[in-house]
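> Sharing a sequence plus its predicted fold:
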Amino acid sequence: MVKKLLKIVSVLVLIVAAVAAAGFYMMREPKTVTVVRPAHGPAVQAVYATGTVEPVVMLPVAPRMSSRLMTLLVDEGSQVEKDMVMARMEDTDLREELADAKARADLAQKDYDRQAALVETGAVSRQSLDQAETERQSAQAAVDRIEASLSYMTLLAPGDGTVIRRDGEIGELITAGEPVFWLAGQKMRVSAEVDEEDIALVEPGQKVLISADAFPGEIFEGTVQSITPKGDPVARSYRVRISLPQDTKLMIGMTAESNIIIRETEDALLLPASVVDAGTVWIVTKDGELARKVVEIGAQDVDMIEILDGVTEDDLVVKIPSPDMKQATNVKTRIGEWSVQ
């Protein structure tokens, strides 16, 4: 019985020793990491902004006097030229007033002519002629005033453009200063908001790539026109105006996703975006040891990142670094696949 027990203990000791040896071997065996080499390709550094398509010039067309809308000669989408008649307001009362005013002005003119003839003969005093002149001028001023008011009853286009909005229906009372039409010029732009952290990179003349949900898969080009000097302290952003070409398909009111091109490089040093951790990368040296390097980052997106300084095209860079990595640790490498396309 004792011999049997000793035999069992001996077997257990051998098993424990074997497990310990295997564990020690595994601890000594270098860990395998996946590495990639930097590749060359195009890189674009851009600032993202979202905005709205709007006309460069947008003018309201409104009556100067309250009246009813009687005639509509254009509608939304109509192309108009400067001084073209767009609508007419009710002016019957004004025309009646004008007829009365002209009759009074004609009578005042005749009285003045009569008084002037009598002054020549000495039948009346010069004072009577002066009074007649005052009445003649007053009557004519009334005519001029009513004629001006009548001209306000015709709504004219203030310039060339497109009617983008019409408010009011025939027969509706339109109060003075209330726009009946909104007129947009031919030129359009995007008014976009850029985060205050990025605004220092933006300047007039930079190219902008624009997309809109209405045209999936299409990219439109624009140019940074101007930057507002005062930002929005609540939204922490600055308004940037982006000019569009005359023949753009984008329409007023569309939401525009804009990428302002800061820098373009045709032959940049690129790596997968996963390799960078807090501004550093892990590389495997020629001796098979891990080394952490600080890198300078350029353009980046969700897949790739441009490396301006810190690694070379000959370095083996750990593709997905782990938190437990330590300097000078021996590792084995396995080349991972990735593409700049």
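Thanks, I have the structure now. Since the structure is predicted, the reported quantities are computational estimates derived from the model, not experimental observations.
> so who does R64 touch?
Y152, A176, G177 (Cβ atoms under 8 Å, 6 or more residues apart in numbering). All C-beta spots, glycine's among them, are computed from the backbone N, C-alpha and C.
> now R189
V53, E54, P55, V56, G222, Q225, R241, I242, S243, L244.
> Wait, the fourth one touches K187, no?
Meaning V56. Yes: using Cβ atoms under 8 Å, V56 makes contact with K187 at a distance of 4.4 Å.
> any residues in contact with both of those two?
With Cβ under 8 Å, 6+ apart, V56 and K187 have common neighbours S243.
> on that earlier part again, selection in PyMOL covering whichever of the contacts of R64 are buried, please.
Selection of buried members from the contacts of R64 for PyMOL, criterion 16 or more other Cβ atoms under 10 Å:
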select buried, resi 152
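> Domain-wise, how is the chain divided?
47-56+186-265, 58-90+153-184, 92-151 (automatic domain parsing).
> Comparing those domains by mean pLDDT, which bottoms out?
When the domains of the chain are compared by mean pLDDT, domain 92-151 comes last with a mean of 87.
> how far does it sit from the chain's center?
Offset of domain 92-151 from its chain centre (Cα atoms, centre = their mean, to the nearest Å): 59 Å.
> cool, and stretch 207-221?
The answer for stretch 207-221 is 12 Å, by Cα atoms, centre = their mean.
> now swap in stretch 250-257 and tell me
In terms of Cα atoms, centre = their mean, the centre of stretch 250-257 is found 9 Å from the chain centre.
> That stretch: end-to-end distance?
12 Å (Cα to Cα, to the nearest Å).
> can you give me the strands for the stretch 1-150 of the chain?
31-36, 39-55, 58-61, 67-72, 79-80, 85-89 (DSSP state E, counting those that start in this stretch).
> pretty sure D213 contacts T255?
Yes: if you go by Cβ under 8 Å, D213 and T255 touch, sitting 6.8 Å apart.
> quick one, which of those two is more surrounded?
Set D213 next to T255 and count neighbours by other Cβ atoms under 10 Å: T255 wins out with 13 against 9.
> T52 is in contact with the more buried one, correct?
Yes: between T255 and T52 there is a contact under Cβ under 8 Å: 6.1 Å.
> Check the spacing between the nearest residue in space to N330 that is not next to it in sequence and Q327 real quick.
Spatial nearest neighbour of N330, chain neighbours left out: P30 (4.5 Å); criterion: Cβ to Cβ, 6 or more residues apart in numbering. Distance from P30 to Q327, counting by Cβ to Cβ, to the nearest Å: 15 Å.
> out of these two, which sits in the busier spot?
Between P30 and Q327, counted using other Cβ under 10 Å, the more crowded position is P30 (12 against 9).
> The closest residue to L250 other than its chain neighbours bridge partners, please.
Spatial nearest neighbour of L250, chain neighbours left out: V53 (4.8 Å); criterion: Cβ to Cβ, 6+ apart. Beta-bridge pairing for V53 (DSSP bridges): V190.
> how close does V53 sit to P272?
36 Å.
> For those two, work out which one has more neighbours and name it.
Per other Cβ under 10 Å, whichever of V53 and P272 has more neighbours is V53, with 22 against 19.
> about what we covered before: export the strands of the stretch 1-150 of the chain to JSON lines and tack on distance to P204?
JSON lines is the format used below for the strands of the stretch 1-150 of the chain (distance: least, Cβ to Cβ, whole Å):
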{"stretch": "strand 31-36", "distance to P204": "39"}
{"stretch": "strand 39-55", "distance to P204": "14"}
{"stretch": "strand 58-61", "distance to P204": "22"}
{"stretch": "strand 67-72", "distance to P204": "41"}
{"stretch": "strand 79-80", "distance to P204": "30"}
{"stretch": "strand 85-89", "distance to P204": "35"}
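> which residues are in contact with stretch 259-268?
Looking at stretch 259-268 with Cβ under 8 Å, 6+ apart, the contacting residues turn out to be 40-49, 194, 201-202, 206-210, 224, 240, 242, 298-299, 306.
> Just the buried residues out of those, in ChimeraX syntax.
Filtering the contacts of stretch 259-268 down to the buried ones (16+ other Cβ under 10 Å) takes a single ChimeraX command:
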select :43,44,45,46,47,49,194,202,206,208,210,224,240,242,298,299,306
